[in-house]
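>>> Below are the sequence and a predicted model; questions follow.
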Amino acid sequence: MPFCTNCGTNIDGGASFCYHCGAPQPRPAVHTSEFLDSISNRTASILCYIPVFGVIPAIVFLASQKFRTNGRVRFDAFQSVYLFVTWLIISAAIPTLLFTGHGWGIESALLALCKFAVFICWIYLLVKAAQEQQVRLPLLGDLAARSATEQL
């Protein structure tokens, strides 16, 4: 049974004030767990592959202490970041650098097809992560594996 911090009288454990002297009592320490402690490896891998927005949890997982030594989640996070960079290059950099005219020519159709292919890759990787299977994309997977092992 706890005691009053002012007069030393036995008080109830949840009491905010001492019933004898009226002194306020400190609140008991509440044990809170870090948000990432409740996330499993499978869930972390799935969150990395949410199309376009998965880069945000991927960066969080790469920076977190919990997943710092987890090679699988780190690989998925790096592969997701590299896939997002590929999406940015296809969506913004290539049209800005190569095409000065506007229109719906063969170039626009090719870029739309590339964007669709990257989106399908995201969906495929998301499904495989949900099935707890690791898929290594041809170029990006090699970069991700190298990045994940260099950081360990």
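Sure, I can see it. Residues are numbered from 1 along each chain as shown.
>>> If you count neighbours, what's buried in the strand or helix carrying residue 119?
Per DSSP states H and E, residue 119 falls inside helix 106-130. Judged by neighbour count using 16 or more other Cβ atoms under 10 Å, the buried positions of helix 106-130 are 111, 114, 118, 121-122, 125-126, 128-129. Any C-beta I mention is one placed from the backbone N, CA and C, and that applies to glycine too.
>>> Return the distance of the worst-scoring helix or strand of the chain on mean pLDDT from the chain's centre.
The least trusted helix or strand in the chain, going by mean pLDDT, DSSP states H and E, turns out to be helix 94-98, with a mean of 76. Centroid separation for helix 94-98 versus its chain: 30 Å, with Cα atoms, centre = their mean, to the nearest Å.
>>> For the residue lying farthest from the centre of the chain, what are phi and psi?
The outermost residue of the chain, judged against the average C-alpha position, is residue 20 (51.0 Å), by Cα atoms, centre = their mean. Per-residue torsions, residue 20: phi -90, psi -50 (degrees, to the nearest 10).
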